[in-house]
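Q: After the sequence you'll find the predicted model.
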Amino acid sequence: MGISDFAVDPRSGFCSETKTFHSLRPTVQLPPENVLLSADAYAYSLRAPSPGDDSPVIINSTTGQRLSYSEFVRRSKTLAAYLQSIVGLNKGDAAYILSTNLIQVPVLYFALLSLGVVVSPANPISTKAEVARQTQLCRPVIAFTISTAVHKIPKLRYGTIVIDSFEFELMMTSPRREMVDVKVSQSDLAGIMYSSGTTGNVKGVMVTHRNLIAMTGSYIQRKASSPVVLLQIVPYFHVYGFHYVFKCMARNETVVIMEKYDLEKTIDAVEKYKVRDLAVAPPVVVAMSKKAVTEGRDLSSLETVLSGGAPLGKESIEAFTAKFPGRVIRQGYGMTEVSGRISEALDREESSRWGSSGKSLGIWEAKIVDQEAGASLPPLKLGELWVKGPSIMKGYVNDSKATSETLTPDGWLRTGDLCYIDEDGFLFIVDRLKELIKYKGYQVAPAELEHLLQSHPQIVDAAVLPYPDDEAGQVPMAFIVRRPESKLDEAQVMDFIAKQVAPYKKIRRVSFVTRIPKNASGKILRKELKKISLPESFPKL
Ligand SMILES: CC(C)(COP(=O)(O)OP(=O)(O)OC[C@H]1O[C@@H](n2cnc3c(N)ncnc32)[C@H](O)[C@@H]1OP(=O)(O)O)[C@@H](O)C(=O)NCCC(=O)NCCSC(=O)/C=C/c1ccc(O)cc1
């Protein structure tokens, strides 16, 4: 039985029969699921052909190196042939990639995906122990990394290829070898990305070609009227930057990248390459609003700032728009588990809804679920956001428990975010139910830091909570119960952790307490800890 049209409120998208929110965006036409198609081939196929198509697809603003579309395709195909015929990579193998934003990275992604090889990118500032954990999850046969990170990679069947090397340049440019066409199904695994999920240690998020195809397809309805130059600060190794590779290829955008973020160099790049769109996490918006480096610079090309990865506060938006009048900050809300984004604000009007993360994309159905009763709620009611659509991950690698806690049998993904949807279909994220800290848009799992702290001989108990920070959004703060007689101080606690984790996970504040409040089963009562320890200043998100 179909849903009667009148049951769906055209303003909010809420269906009074099913109690779900339908997207207010146009439906996305996707290729039939049974067609053999890889994510890279789909992105190429959507690209509008232009004569000779030698527009630059990517520019490294650090080195000035650039690749035209035809050169990108040539390099990617030559590399694929090399990896297949000389290295021996096969469909279903996994490749671990540990790199900063370099031109070689998207070329490599496209080459691997065309071979049906699973791409598994991670942050190059990960420690050796973090790399070990990630590679245990993705089980790679080969790694690709930058010269400064080679020492972190364990021994692998086909070893490690250094991508900022002359040898790699040759692999992409030497005369093409014969290549056997690989048949990639949309349901095949395309990526294993890393996420903390809702709790604890890092998890491997399994993303299929279909997931990426659907995410890429969702961008296509709005082709830009003028050529887009996009400066991508966000890293290729997280889903935000990762899915942009396909989006930008499909939409004929020129992407400018930066090997290491630097505010002044960001401004230089905007000026030099006449950047129209800037894709960043909130700390960049905050820094641009505050620092004087933009004074006297010609940023007239800049129209839009795409901000995601963490919420951007109202004050930050106001400060930015006061300094750069006429620019639009379009916030998006996404997560690794959905291979990209769930919602976004599309224009100035939508962006002016303070506190909202825009409207959900045409590929999503959403519901707001009451935490206790489990019932689906109507507009303006607060509950956990669940989404359903073709970009939802396949699950977490070797973690059926976490998978079943996140994905329901009928295909809904529980986001772990407390939200409401208003009468016009705008999504508002009010609080985070999952135990997660967002430092500069990176996930930090309190449980990981708590386990490390508890391993310290002078620490009896510990809890880690997010603490608000103007620049980073949140910083991890540790609450420590010391052994009696212990003289352990703040600096020693911070140092103990800093030695064991990537820099963005560092503990940046410490408070010594007499006990950590817990429930009967030993679960930390985080809300109570906030109340008793820092009653006023704690953040919601
Ligand atoms: C540009 C940022 C905001 C700031 O850069 P930074 O200040 O230079 O910091 P780094 O992130 O490079 O490095 C972190 C720390 O490590 C340090 N570090 C660095 N390399 C070293 C070294 N080799 N040795 C030692 N220390 C070092 C570095 O100095 C820094 O230390 P500290 O200043 O104390 O924070 C950068 O953090 C950043 O791009 N963050 C974005 C992260 C991100 O993409 N998150 C998205 C996750 S996925 C998601 O949520 C999806 C959302 C989404 C949203 C919208 C959509 O449309 C779709 C999806």
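A: Sure, I can see it.
Q: and the residue in the stretch 1-150 of the chain positioned nearest to the ligand, what does it touch?
A: Closest to the ligand within the stretch 1-150 of the chain is Ile125: 4.5 Å, counting by C-beta to the nearest ligand atom. The C-beta positions use only the backbone N, C-alpha and C, and glycine is treated the same way. Listed by C-beta atoms under 8 Å, 6 or more residues apart in numbering, the contact set of Ile125 reads Ala502, Pro503, Tyr504.
Q: near the ligand, which of the residues you listed show up?
A: Contacts with the ligand within the contacts of Ile125, as defined by C-beta under 6 Å from any ligand atom: Pro503, Tyr504.
Q: Can you tell me which of the contacts of Ile125 is nearest Pro283?
A: Minimum distance to Pro283 across these is 11.0 Å, recorded for Tyr504 (C-beta to C-beta).
Q: Looks like the closest one contacts Ala445 (just checking).
A: No - counting by C-beta atoms under 8 Å, Ala445 is not a contact partner of Tyr504; they are 11.9 Å apart.
Q: quick one, which of those two is more surrounded?
A: Each of Tyr504 and Ala445 has its neighbours counted (other C-beta atoms under 10 Å); Ala445 has more, 24 against 19.
Q: ok, the more buried one to the ligand distance?
A: Ala445 sits 13 Å away from the ligand, going by C-beta to the nearest ligand atom, to the nearest Å.
Q: looking at it, that residue is touching Asn201, isn't it?
A: Yes - using C-beta under 8 Å as the test, Ala445 is close enough to Asn201 to be in contact (6.8 Å).
Q: Specify the local secondary structure of the closest residue to Gln232 other than its chain neighbours.
A: In space, and not counting its chain neighbours, Gln232 is closest to Ala279: 4.8 Å by C-beta to C-beta, 6 or more residues apart in numbering. Three-state secondary structure (criterion: DSSP: H, G, I helix; E, B strand; the rest coil) places Ala279 in strand.
Q: my read: Ala279 touches Val234, true?
A: Yes - taking contacts as C-beta under 8 Å, Ala279 lies within contact range of Val234: 5.5 Å.
Q: What's the first helix or strand after the biggest helix by length in the chain?
A: Counting by DSSP state H, the longest helix found in the chain is helix 69-82. Heading C-terminal from helix 69-82, the first helix or strand you meet, by DSSP states H and E, is strand 94-98.
Q: That following strand pairs with which strands, parallel or anti?
A: Strand 94-98 has its sheet partners listed here by DSSP bridges as strand 118-122 (parallel), strand 142-145 (parallel).
Q: Burial-wise, tell me which of these comes out on top.
A: Counting by mean count of other C-beta atoms under 10 Å, strand 118-122 has the highest mean neighbour count of these, with a mean of 27.
Q: Identify the residues contacting Lys323.
A: Lys323 sits next to Met288, Ser289, Thr294 when contact means C-beta under 8 Å, 6+ apart.
Q: so when I look at the first one, I'm seeing a strand, right?
A: This means Met288. No - using three-state DSSP, the assignment for Met288 is helix, not a strand.
Q: Present the contacts of Ile125 as a markdown table; the columns should include secondary structure and pLDDT.
A: Listed next are these as a markdown table, based on DSSP: H, G, I helix; E, B strand; the rest coil; pLDDT from 0 to 100:
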| residue | secondary structure | pLDDT |
| --- | --- | --- |
| Ala502 | coil | 96 |
| Pro503 | helix | 97 |
| Tyr504 | helix | 97 |
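Q: where does the chain come near the ligand, residue by residue?
A: Residues of the chain found near the ligand (C-beta under 6 Å from any ligand atom) are 125, 233-235, 238-241, 261, 281, 283-284, 308-309, 332, 334-336, 340-341, 344, 440-442, 503-504.
Q: and the residues you listed, which are buried?
A: Buried members of those, scored by 16 or more other C-beta atoms under 10 Å, are 125, 233-235, 238-241, 261, 281, 283-284, 308-309, 332, 334-336, 340-341, 344, 440-442, 504.
Q: Between the two ends of stretch 353-365, what distance do you get?
A: 21 Å (C-alpha to C-alpha, to the nearest Å).
Q: count of neighbours near Ser404?
A: Look at Ser404: counted by other C-beta under 10 Å, it has 12 neighbours.
Q: Please spell out which residues along whichever strand or helix holds it are buried.
A: Assigned by DSSP H and E, Ser404 falls within helix 400-406. With burial defined by 16+ other C-beta under 10 Å, the residues of helix 400-406 counted as buried are Ala402, Thr403, Thr406.
Q: pLDDT wise, what is the residue nearest to Gln232 at?
A: On pLDDT, Ala279 comes in at 98.
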